[in-house]
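Asker: Prediction below, plus the sequence it came from.
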Amino acid sequence: MAPTDDTLFDLTFTRNDGEEVDLQEFAGRPILVVNTASKCGFTPQYEGLQKLYEEFKDQGLTVIGFPCDQFAHQEPGDDAAIASFCSRTYGVTFPLSTKVDVNGPKAHPIFRYLKSRAGGVLGSSIKWNFTKFLVSPDGRTVKRYAPNTSPATMEADIRRALTP
């Protein structure tokens, strides 16, 4: 769908196991969307993202990782290799998508939407792996975090997003 959709919940993505996911199933709950890579200096953030997911999933938070190979070829593996690495190395249990582009003409619609709602300091394009977007339960309000923002420092914002 086009990035002009009213909410993030109007979009879909394909999980790394091939299953199509309609984000409508998460409507009314916050979602943390992250473009990820397995061979990046920020890759250890998977651990912090998993901790956030474990701590807040029962309250409604969903974390979704979107592997991307657009930055210095830091996500060279296929979907199965990425899933295996994330599970084995960091115990990741939150959903991962198939590998996507986050910038350019083939950017995934989710990232076109997020960038249109929360541009970066130097424009809307994503500059590096582990750029994070916290989408509020309304599916419209988006807060953007830089790649070097540790997941733990986002906890207060997540708690606010979980509070009705």
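Answerer: Good, I have the coordinates. Numbering: from 1, shown residues only.

Asker: Do you have the helices of this protein handy? List them.
Answerer: For the chain, the helices defined by DSSP state H cover 45-56, 79-90, 109-117, 155-162.

Asker: Tell me which of those helices sits nearest to residue 100.
Answerer: helix 109-117 (7.2 Å; Cβ to Cβ). Yep, even glycine has a C-beta here, placed from its N, CA and C like the rest.

Asker: Could you give me the buried positions within the closest one?
Answerer: 109-115, 117 (16 or more other Cβ atoms under 10 Å).

Asker: Name the nearest of the residues you listed relative to residue 152.
Answerer: Using Cβ to Cβ, the buried residues of helix 109-117 come closest to residue 152 at residue 114, 21.6 Å.

Asker: nearest spatial neighbour of that closest one, skipping sequence neighbours?
Answerer: Of all residues not flanking residue 114 in the chain, residue 133 sits nearest, at 4.6 Å (Cβ to Cβ, 6 or more residues apart in numbering).

Asker: Please report how far that neighbour lies from residue 62.
Answerer: Distance of residue 133 to residue 62, computed by Cβ to Cβ, to the nearest Å: 12 Å.

Asker: which of these two has more neighbours?
Answerer: Taking neighbours as other Cβ atoms under 10 Å, residue 133 and residue 62 compare with residue 133 leading, 23 against 18.

Asker: Next one: the residue nearest in space to the middle of the chain from residue 153, what distance?
Answerer: Centroid-nearest residue in the chain, with Cα atoms, centre = their mean: residue 33, separated by 2.0 Å. Counting by Cβ to Cβ, the separation of residue 33 from residue 153 is 17 Å.

Asker: Overlap in contacts, residue 133 and residue 62.
Answerer: Residues within reach of residue 133 and of residue 62 at once, by Cβ atoms under 8 Å, 6 or more residues apart in numbering, are residue 32.

Asker: so which of the helices of the chain gets nearest residue 25?
Answerer: Closest approach to residue 25 among those (Cβ to Cβ): helix 109-117, 14.3 Å.

Asker: In terms of secondary structure, what does the closest one contact?
Answerer: strand 31-36, strand 142-145 (3 or more Cβ pairs under 8 Å, 6 or more residues apart in numbering; DSSP states H and E).

Asker: Across the sheet, point out what pairs with residue 96.
Answerer: residue 65 (DSSP bridges).

Asker: so where's this structure shaky on pLDDT?
Answerer: 1-5, 120-123 (pLDDT under 70).

Asker: that older thread, wait, the residue nearest to the centre of the chain sits on residue 131?
Answerer: No - in this structure, residue 33 is not within contact of residue 131 by Cβ atoms under 8 Å, at 9.1 Å.
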